[in-house]
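Q: I need the structure of the sequence given here:
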Amino acid sequence: MTPDPAALAKTLVASLLPGVEGRYAVVVGVKLGLPLQAAIASSLGGVILLSLTLPGLLAWGEELARRLAERRGVLARLAHLYFRYAGSARRRAEPFVRRYGFLGLVLFVSIPFPATGIWTGSLAAHLLGVERNTARLALLFGGALSVGIMVVTGQVYSSVAG
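A: Numbering: from 1, shown residues only. Below is the predicted model:
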């Protein structure tokens, strides 16, 4: 049976969202009725997209935030929120990255806890000066590992069942 294209698309979109990413999108996919393999594949699609694009977008986004922070109003407040979040991301990830380097970033991204994952790991890698291609590879491995952790520990089915 062919998986529902709408459920695949919803799972992919969920896997791109900060805080959800691939690790929780796999739960979304199964909850939407996708077979586990299809939910994993769609979730990993988001992991790949985020891992390859976020490291390159952050330099541009940070420059934009700097310019907006110099202004007044709502956009300036949003820029200041970004810088507050960026500082927090750096503090959380720095011990992992400084101590273990590449593997530390993989570990940080793979831990299925709030405020870890590809979005935060990508931001932390940028702020800590991790080379973009190294960051991309670490994000990819860590994101895929986080999906695997959710599946292997049974979090997917326990979240759906109860």
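Q: Please count neighbours and contacts with C-alpha atoms only from this point.
A: Will do.
Q: Let me know whether residue 122 touches residue 56 as I believe.
A: No. The pair residue 122 / residue 56 is not scored as a contact, 9.5 Å apart, by C-alpha atoms under 8 Å.
Q: neighbour count winner among the two?
A: Between residue 122 and residue 56, residue 122 has the larger neighbour count (other C-alpha atoms under 10 Å), namely 30 against 16.
Q: Residue 1 versus residue 65, what's the distance?
A: 47 Å (C-alpha to C-alpha, to the nearest Å).
Q: So residue 18: helix, strand or coil?
A: Classification of residue 18 using DSSP: H, G, I helix; E, B strand; the rest coil returns coil.
Q: begin at 278 from here
A: In the new count, where the first residue is 278, that last one comes out as residue 295.
Q: got a list of what it touches?
A: If you count contacts by C-alpha atoms under 8 Å, 6 or more residues apart in numbering, residue 295 has them with residue 396.
Q: Just the pLDDT for residue 430.
A: Looking at residue 430, its pLDDT reads 87.
Q: Check the gap between it and residue 392 for me.
A: Counting by C-alpha to C-alpha, the gap from residue 430 to residue 392 is 20 Å.
Q: What ranges in this structure fall below the confidence cut-off?
A: Applying pLDDT under 70 to the chain flags residues 432-439.
Q: Centre-most residue in it?
A: Nearest to the geometric centre of the chain sits residue 395, at 2.6 Å (C-alpha atoms, centre = their mean).
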